[in-house]
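>>> No sequence on hand, only this structure:
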């Protein structure tokens with residue numbers, strides 16, 4: 001019996017996506033063109049990149065249900081995704097894309113069977129990597145989003161915003177300290 005299956009993957013993806021949407025909402029649209037350094041994505045480009053993140057997994061595991069990536073045209077696929085990422089979008093459009101496409105992906109995830117999640121997908125020989133389970137590959141979508149969102153949270157600091165997760169943690173610590181102080185005064 002697995003303790004972490006399709007429902008847990010979907011739930012954890014939803015949590016990660018909810019936090020990404022909060023970051024997108026917290027950053028003013030006037031800062032969506034901000035680029036932290038040459039050669040990096042702007043805020044808007046980061047958000048579009050995150051929104052397109054599940055497309056890879058959906059193509060491999062849902063649309064084509066591939067058992068091997070040998071012969072898969074990575075360059076064509078990522079070229080198509082790159083075009084989609086670069087489409088101009090407003091803040092509202094990006095947030096809508098993150099919410100709606102994210103929920104569609106999560107709904108698909110929660111319906112996957114343990115057998116499907118356990119299937120191995122062979123990597124191309126040129127990668128020199130062993131086969132990976134669909135479970136591992138699907139978890140990587142969430143990991144990729146968390147990695148990219150972390151970059152956005154650094155950008156938030158650069159433009160003068162305290163990230164929501166930091167604010168929440170600081171509020172919790174202040175509340176705990178206040179409770180402890182009251183208990184000590186009694």
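Arrived safely. All values reported here derive from a predicted model rather than from experimental measurement.
>>> Please identify the helix or strand for the spatially most central residue of the chain.
In the chain, the centroid-proximal residue (C-alpha atoms, centre = their mean) is residue 145; its distance is 2.3 Å. Counting by DSSP states H and E, the secondary-structure element that holds residue 145 is helix 134-158.
>>> and the next helix-or-strand element following that helix, what other elements does it pack with?
For helix 134-158, the following helix or strand on the C-terminal side (DSSP H and E) is helix 164-185. With contacts defined as 3 or more C-beta pairs under 8 Å, 6 or more residues apart in numbering; DSSP states H and E, the packing partners of helix 164-185 are helix 6-26. The way it works is simple: take the backbone N, C-alpha and C, and place the C-beta from them, glycine included.
>>> How far off centre is the helix it packs on?
7 Å (C-alpha atoms, centre = their mean, to the nearest Å).
>>> Kindly report the same for stretch 139-150.
Its chain's average C-alpha position is 4 Å from that of stretch 139-150, according to C-alpha atoms, centre = their mean.
>>> Residues contacting it, please?
For stretch 139-150, the surrounding residues in contact (C-beta atoms under 8 Å, 6 or more residues apart in numbering) are 9, 12-13, 16-17, 19-20, 23, 46, 49-50, 53-54, 56-57, 105.
>>> any idea which of the residues you listed has the most stuff around it?
When the contacts of stretch 139-150 are compared by neighbour count (other C-beta atoms under 10 Å), residue 50 ends up highest, at 29 neighbours.
>>> Check the gap between it and residue 10 for me.
For residue 50, the distance to residue 10 (C-beta to C-beta, to the nearest Å) stands at 17 Å.
>>> try residue 145
Counting by C-beta to C-beta, the gap from residue 145 to residue 10 is 14 Å.
>>> which regions of the chain lie under the pLDDT threshold?
Under the criterion pLDDT under 70, the flagged ranges of the chain are 1-2.
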